[in-house]
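Novice: Sequence first, then the predicted structure:
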Amino acid sequence: MSAMDQTQPTTDLFGGAMSALFPPQAQDMSNFREIPDHQEVFTHSSTDQSIIVEILEYVQEADDVALKTHYEDLVRDNDVNEGDHMILEAAEMPTHKLAMSQCKSARYVLGQHKVSKFKEDSKNTVNIHMGLFRIPDFTTDILVTFNDPVMISSQSSSNQSVPTNDDRWTVTDFQQLLTSLTINDTGLFGV
């Protein structure tokens with residue numbers, strides 16, 4: 001089980017406008033491919049795990065509705081078929097435990113998707129951990145998603161590349177990232 005070192009330096013996001021403690025072996029995908037300006041994407045160096053930080057338009061609805069809206073957007077973006085996804089857990093995150101002082105409310109959801117990689121016929125089972133930070137003062141929702149494959153199909157191109165070892169990121173790693181996420185420059189939101 002990986003455990004993040006409390007003395008570990010934070011990782012800058014969006015040119016330093018935000019930062020957080022990322023788990024070990026996080027590779028910034030912008031070093032390898034084009035990433036949209038509203039996203040920061042990190043992958044594990046030896047598994048198919050990934051973490052995505054997104055700055056999104058504020059959903060003008062109650063927190064639970066906003067979380068469901070963002071979750072359903074992810075289902076649609078990943079081309080997950082009806083019946084191949086479910087929400088397993090949803091909870092409020094206490095804002096007093098967050099480093100992000102601008103956050104008015106926060107939600108966590110654990111979902112599961114059966115999804116094909118690269119439009120393959122086989123489907124992998126992926127746990128989707130999402131943290132939603134609501135920042136109405138900047139009409140912004142910040143969504144942090146941890147994609148954690150739990151079953152790789154023997155027919156998937158990922159089958160050989162995903163070790164099951166102690167270096168995998170854990171939910172604890174993700175929770176530490178969520179609680180350490182900090183806004184360093186509100187100019188990021190056009191303020």
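Specialist: Perfect, thanks for sending it.

Novice: who's the residue nearest in space to the middle of the chain bridged to?
Specialist: In the chain, the residue lying closest to the centroid (CA atoms, centre = their mean) is T145, at 1.5 Å. When assigned by DSSP bridges, T145 has beta-bridge partners I52, M130.

Novice: for it, what are its contacts?
Specialist: Neighbour list for T145: I51, I52, E54, L74, I128, H129, M130, G131 [criterion: CB atoms under 8 Å, 6 or more residues apart in numbering]. For every residue, glycine as well, the C-beta is placed using N, CA and C.

Novice: Just the pLDDT for it.
Specialist: Among the per-residue scores, T145 holds a pLDDT of 97.

Novice: do you know how far it is from S122?
Specialist: 22 Å (CB to CB, to the nearest Å).

Novice: just to revisit the earlier point, and the gap between the residue nearest to the centre of the chain and I87?
Specialist: 14 Å.

Novice: Equivalent analysis for F146, please.
Specialist: Taking CB to CB, one finds F146 at 15 Å from I87.

Novice: what do you get for A66?
Specialist: 14 Å.

Novice: Those two - which one has more neighbours?
Specialist: Neighbour count, other CB atoms under 10 Å: between A66 and I87, A66 has more, with 20 against 14.

Novice: Tell me which stretches of the protein form strands.
Specialist: Secondary structure of the chain (DSSP state E): strands at 11-13, 18-20, 26-28, 39-44, 50-57, 85-93, 105-115, 124-135, 140-151, 182-183.

Novice: Tell me which of these sits nearest to G190.
Specialist: Nearest to G190 among the strands of the chain is strand 140-151; the distance by CB to CB comes to 9.5 Å.

Novice: Now do the closest one against strand 124-135, angle only.
Specialist: 160 degrees (axes from the mean of the first three to the mean of the last three CA atoms, to 10 degrees).

Novice: got the buried residues for strand 140-151?
Specialist: Within strand 140-151, the residues that qualify as buried are T140, D141, I142, L143, V144, T145, F146, N147, D148, P149, counting by 16 or more other CB atoms under 10 Å.

Novice: Check stretch 17-30 too.
Specialist: A17, M18, S19, A20, L21, F22, P23, Q25, A26, M29.

Novice: Show me which parts of the helix ranked longest in the chain are buried, residue by residue.
Specialist: Of all segments of type helix in the chain, defined using DSSP state H, the longest is helix 63-77. For helix 63-77, the neighbour count (16+ other CB under 10 Å) marks D63, A66, L67, K68, H70, Y71, L74, V75 as buried.

Novice: what about stretch 43-51, how long is it end to end?
Specialist: Terminal residues of stretch 43-51 are spaced 6 Å apart (CA to CA, to the nearest Å).

Novice: For that stretch, buried residues please.
Specialist: T43, H44, T47, D48, Q49, S50, I51.

Novice: now, among the residues you listed, which is nearest to R107?
Specialist: When those are compared against R107 (criterion: CB to CB), the nearest one is I51, at 17.2 Å.

Novice: List the contacts of the nearest residue to the closest one once chain neighbours are set aside.
Specialist: Using CB to CB, 6 or more residues apart in numbering and skipping residues adjacent in sequence, the residue nearest I51 is F42, 4.8 Å away. Contacts here follow CB under 8 Å, 6+ apart; on that basis F42 touches T11, F22, A26, Q27, D28, M29, S50, I51, I52.
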